[in-house]
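Chemist: quick one: sequence plus predicted model below, questions after.
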Amino acid sequence: METKKVEYILEAIDLCKYFKAGRKQYVKAVDHVNIRMRHGETLGLVGESGCGKTTTGQTMIRLYEPTSGKILFEGQDISRLRGKELLHFKKNVQIIFQDPYASLDPRMTIGEIISEGMDVHMKLSDREKESRVNELLRKVGLNTEYANRFAHELSGRQRQRIGIARALAVEPKFIVCDEPISALDVSIQAQVVNLLMRLQKEMGLTYLFISHDLSMIQHISDRVGVMYLGSIVELAPKQPIYSVPKHPYTQALISAIPVADPEADTETGRIKLEGEVPSPLNPPGGCKFRTRCRYATERCANESPQLREVEPDHFVACHLYDN
Ligand code: SF4
């Protein structure tokens, strides 16, 4: 019997993650987020720092327990899994952390770091493990001699390659790339991004790529989600997001991307975002962006806009696009 392939690899449905911040106060880091990841795609997640990108990625792979909502992996609800079943899910989803300096245990050799996940998820002999570590080192462009070294002996670029090898070690299908290049020198960022793109092609991986760097997101992503104060405000393929952004917040972010041509007038068309991001402890009622939005009306203060499909595959949460 032919088994039907599920269209989405990972789905966050109405996902919430709230952190307690006082007797009756909560930070709604992830507030009713809906994201459906397609097999083999890269979905870029952008937004200012503190908007909930990282918590969204980490909750989607159950590094954080969701407060409410559902997570489906290949069609199966994994939001409340425990024990062996949760472990099986965790083999399929991995994360590459932002800081290659802090994320590698200084007391372990590189070989031990890469094979740690194999010990949990795969039953391999020492010989098989060693050969897999060597294979992974080669895959990420490092000499196999590195297996016996320690993280402090490596450069930032090499450490992030180790972080990638560690994530790939258990043959995952889905990887959260959490600002994987922002701690690296600009001159080596492109190398790491190109490596991630090559590995994705070779291994059929799906990426949730988190970054505040819109140019990098444009380069690597198939679709882009824009977050503001814990919510997705726009989600669409990258072409319409970058050429005709719909949400006023996305419009401001895109207009602020630096222009490569030094002769160009960079101020032309730039939309200045007034004010700071409101405190996540006390976000504005109605539309959370209304305190900085040049189109805000009374309705925006009273009614929270829902994320709706306003064109095929283009979702926006803004009253300007309501019928
Ligand atoms: Fe601006 Fe209103 Fe749209 Fe929010 S709903 S982005 S305040 S126009």
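Modeler: Nice, thanks for sending it over.
Chemist: quick one: residue 227 is in a helix?
Modeler: No - Residue 227 sits outside any helix when classified using DSSP: H, G, I helix; E, B strand; the rest coil, being strand.
Chemist: so for it, what's the pLDDT?
Modeler: For residue 227, the model assigns a pLDDT of 97.
Chemist: so how far is residue 121 from the closest residue to it other than its chain neighbours?
Modeler: Once flanking residues are discounted, residue 227 sits nearest to residue 47: 3.7 Å by C-beta to C-beta, 6 or more residues apart in numbering. Heads up, the C-betas are built off the backbone N, CA and C, glycines and all. According to C-beta to C-beta, to the nearest Å, residue 47 and residue 121 sit 32 Å apart.
Chemist: near the ligand, which residues of the stretch 151-300 of the chain?
Modeler: 248, 287, 289, 290, 293, 295, 296, 300 (C-beta under 6 Å from any ligand atom).
Chemist: now the helices: where do they sit in the protein?
Modeler: Counting by DSSP state H, one finds helices in the chain at the ranges 53-60, 83-92, 110-121, 126-139, 156-168, 186-203, 214-220, 238-243, 248-255, 298-302.
Chemist: settle it for me: which of residue 47 and residue 121 has more neighbours?
Modeler: Between residue 47 and residue 121, counted using other C-beta atoms under 10 Å, the more crowded position is residue 47 (26 against 17).
Chemist: quick one: the more buried one from residue 213, how far?
Modeler: Counting by C-beta to C-beta, the gap from residue 47 to residue 213 is 12 Å.
Chemist: same question for residue 26.
Modeler: Distance from residue 26 to residue 213, by C-beta to C-beta: 30 Å.
Chemist: what of residue 311?
Modeler: Distance of residue 311 to residue 213, computed by C-beta to C-beta: 26 Å.
Chemist: low-scoring pLDDT stretches of this structure, where are they?
Modeler: Along the chain, segments meeting pLDDT under 70 span 1-6, 259-268.
Chemist: middle-most residue in it, spatially?
Modeler: residue 210 (3.4 Å; C-alpha atoms, centre = their mean).
Chemist: contact partners for that residue?
Modeler: Residue 210 sits next to 44, 45, 53, 54, 57, 176, 177, 178, 179 when contact means C-beta atoms under 8 Å, 6 or more residues apart in numbering.
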